[in-house]
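>>> could you work out the structure for the sequence below:
(2 chains)
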Amino acid sequence: MSSVSQNFMKLFRSSSGPEVAPAQTFEKLTRRSSGLGELSRMWESLETLCVLDLGSTSPGNIRYFTERGHKIYSEDLLTASTDPELLSKDEQGHAVLDSRKFLAENLVYPAARFDVIFCWNLPDYLDEGLVKPVVGRLWSILKPGGMLLAFFHTRDAGPDAPCHRFHIVGPDTLQMHKIELRRETRRGPTGAIHTAISDGFQLQRVFNNRHIETLFRDFASIKFFLARDSIREVLVVR
Amino acid sequence: MGAPGGGLAQIGSSVVVKGELSGSEDLFVDGHVEGTIALKSNNLTVGPNGQVKASVDAKGVIVQGKLEGNIQASDRVELRKSASVTGDIATQRISIEEGAFLKGKVDIHRSDSK
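A predicted model of the protein is given here:
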């Protein structure tokens, strides 16, 4: 499980070569989600919900909620955590992410509180130093009685478990797209061409049930759903 | 989305504009714009090289490049796969291609006549 600096070295490399066309393919899987099924009763019964999707921008999820008259906010936290400007050094000189700077720029909603937050598999792939501060912020922007859905890999998934984007296709059905190789070439302010190469995100850790309960200890209740694909779904209520 | 009056203004990729932009013809921005853009009955297209830091009020908005600011569109918003939008979107209709990046709220206003 790679360090912060290794991840950034991998993400940003300079190049003077020709521009590379984006190469992005998706492996699609459909899975049933018990947590989503339980959560969906909420949006079928309430008139207007305020929803926060923390996964990769999903046209399907935006359409799903706006068609039902709900408001949806989209914020790709995992991508935001790869911002090179977040890097700083601790007292020992190790590269760390600045969680204060991260929270000053992300999850900032002074005028909104949410009924539903979709974390998807964010905690498994987010940098260690950001997990607790982010969960703390999520608690503060979730309405009392609001629900948060998160997925956690079990140890059986292995260290190379791929990171997915999640698209809601039914009340209890998700389509998962594996995040594959993506290359982007952009011209920087100095005119130099920079190639960003992302081969997806690496699993940072595997939480056991005790860790998950500790992570969400400020919430009112927590419910686990075990799935066959080495994923535990966790539905927490503030 | 075509230009209702047939006119189309263009801001090329080497052009930098700071301030308030308003007009009654469609606008294509492939350069840098900072400020506000008001095209009440017309459409804005942010081209693939476009970098816009502005609140936008238009009939329709197509984004292929980068836009930071809130979008208010009386008709529709289209985010193409290369789009990166940071800001809230209020519109009647929206289409977002796979690969587009959005950080912000989407609020769909239903037409009163429907």
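>>> how about residue A:150: what's its closest non-neighbour residue?
Of all residues not flanking residue A:150 in the chain, residue A:119 sits nearest, at 3.9 Å (CB to CB, 6 or more residues apart in numbering or on different chains). For glycine as for every other residue, the C-beta is placed from the backbone atoms N, C-alpha and C.
>>> quick one: contacts for the one you found?
Taking CB atoms under 8 Å, 6 or more residues apart in numbering or on different chains as the definition of contact, the neighbours of residue A:119 are A:54, A:138, A:148-151.
>>> ranges for the helices of chain A?
Shown for chain A, the helices assigned by DSSP state H span residues A:4-11, A:34-45, A:59-67, A:77-80, A:99-105, A:122-125, A:128-141, A:209-215.
>>> and the fifth one, does that touch chain B?
No - contact between helix A:99-105 and chain B is absent, the nearest approach being 10.0 Å (criterion: CB under 8 Å from any CB of the partner chain).
>>> what does that helix contact?
Counting contacts by CB under 8 Å, 6+ apart, the residues outside helix A:99-105 that touch it are A:80-81, A:83, A:85-86, A:88, A:129-130, A:133-134, A:137.
>>> recalculate using a threshold of 6 Å.
Around helix A:99-105, the neighbours that count as contacts under CB atoms under 6 Å, 6 or more residues apart in numbering or on different chains are A:86, A:129-130, A:133, A:137.
>>> residues of chain A that sit close to chain B?
With CB under 6 Å from any CB of the partner chain as the criterion, chain A comes near chain B at residues A:57, A:59, A:62, A:66, A:71-75.
>>> list phi and psi for the residue nearest to residue A:139 when sequence neighbours are not counted.
In space, not counting the residues next to it along the chain, residue A:139 is nearest to residue A:218; the distance is 5.2 Å by CB to CB, 6+ apart. Recorded main-chain torsions at residue A:218 are phi -80, psi -10, according to degrees, to the nearest 10.
>>> next one: residue A:218 from residue A:131, what distance?
Applying CB to CB, to the nearest Å, the value for residue A:218 to residue A:131 is 14 Å.
>>> got it, and residue B:43?
43 Å.
>>> which one's more surrounded, the two?
Neighbours were counted for residue B:43 and for residue A:131 using other CB atoms under 10 Å in any protein chain shown; residue B:43 has more, 23 against 20.
>>> right, and the more buried one touches residue B:61 too?
No - here residue B:43 does not reach residue B:61: they are 7.0 Å apart, not a contact under CB atoms under 6 Å.
>>> how many neighbours does residue A:217 have?
As a burial measure, residue A:217 scores 10 neighbours (other CB under 10 Å).
>>> now the strands for chain A?
In chain order, chain A shows strands spanning A:12-14, A:28-32, A:50-53, A:71-74, A:87-89, A:95-97, A:114-120, A:142-153, A:164-170, A:173-178, A:182-187, A:193-198, A:221-226, A:231-237, with DSSP state E as the criterion.
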